[in-house]
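Asker: this is a predicted model, with the sequence first.
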Amino acid sequence: MDLTFKIVPFDSEEQKATIGLRHDILRAPLGMVFTEEQLAAEKDDFHLASYQEGALVACLVLHEKDADWLKMRQVAVAEKCQRQGIGQQMIEFSHQWAKEKGYKIMFCHARHSAADFYERKLGYAIVGEPFEEVGMKHFRMEKEL
Ligand SMILES: CC(C)(COP(=O)(O)OP(=O)(O)OC[C@H]1O[C@@H](n2cnc3c(N)ncnc32)[C@H](O)[C@@H]1OP(=O)(O)O)[C@@H](O)C(=O)NCCC(=O)NCCS
């Protein structure tokens, strides 16, 4: 099925919809909610939304650390759309987009459960020791663009 990608402006209706998806996939299962402060801190980030037949199916957030380094955060695919290649295609799109913008390295804090996905499918490497975030084991993972 046709998948389209769009960088949506902060505070637009489209970006607000991504927060709903992120809540359902990443926060609600942990019994957590986003705070106003956390969401406001994303003002200068890039918000990528993925659509299938007009419906939001996946999203992620890109945060600029410096001119070379971009942090990929909040990767979420709607539950009924997981394991269909959407996450992989969306991240590959973000790599191409970042490369065109001149960034050199993408990195993320990957949940233990998703580390294999980033490593096997997307060419990320684990850097350093695992650590705890939102009560779960995470790895720092990096990829040269
Ligand atoms: C993890 C996630 C982003 C992957 O996106 P997706 O669209 O489901 O993944 P894809 O279909 O593109 O996966 C591509 C490949 O990775 C594998 N894969 C997907 N999720 C995986 C996971 N959690 N662990 C290991 N492998 C995984 C798939 O089996 C597939 O491999 P295959 O084609 O050989 O079968 C998505 O499942 C998701 O949102 N999960 C819940 C939230 C989450 O964990 N987010 C990441 C936080 S770091």
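Answerer: It's in. Numbering: from 1, shown residues only.

Asker: interface residues of the protein facing the ligand?
Answerer: For the chain, the residues found near the ligand under the criterion Cβ under 6 Å from any ligand atom are 25-26, 75-77, 82-88, 110-111, 113-114, 116-117, 121. Just so you know, the C-beta spots here come from the backbone N, C-alpha and C atoms, and that holds for glycine as well.

Asker: not counting its neighbours along the chain, what's nearest whatever residue of the chain ends up closest to the ligand?
Answerer: Relative to the ligand, the nearest point of the chain is residue 87 (2.2 Å; Cβ to the nearest ligand atom). Of all residues not flanking residue 87 in the chain, residue 77 sits nearest, at 4.8 Å (Cβ to Cβ, 6 or more residues apart in numbering).

Asker: contacts only, for the one you found.
Answerer: 25, 57, 58, 86, 87, 90 (Cβ atoms under 8 Å, 6 or more residues apart in numbering).

Asker: per-residue pLDDT, it?
Answerer: Residue 77 carries a pLDDT value of 98.

Asker: dig out what it forms beta bridges with.
Answerer: Bridge pairing for residue 77 (DSSP bridges) gives the partners residue 58.

Asker: any idea how far it is from residue 86?
Answerer: Per Cβ to Cβ, to the nearest Å, residue 77 is found 5 Å from residue 86.

Asker: now do residue 60
Answerer: Taking Cβ to Cβ, one finds residue 60 at 11 Å from residue 86.
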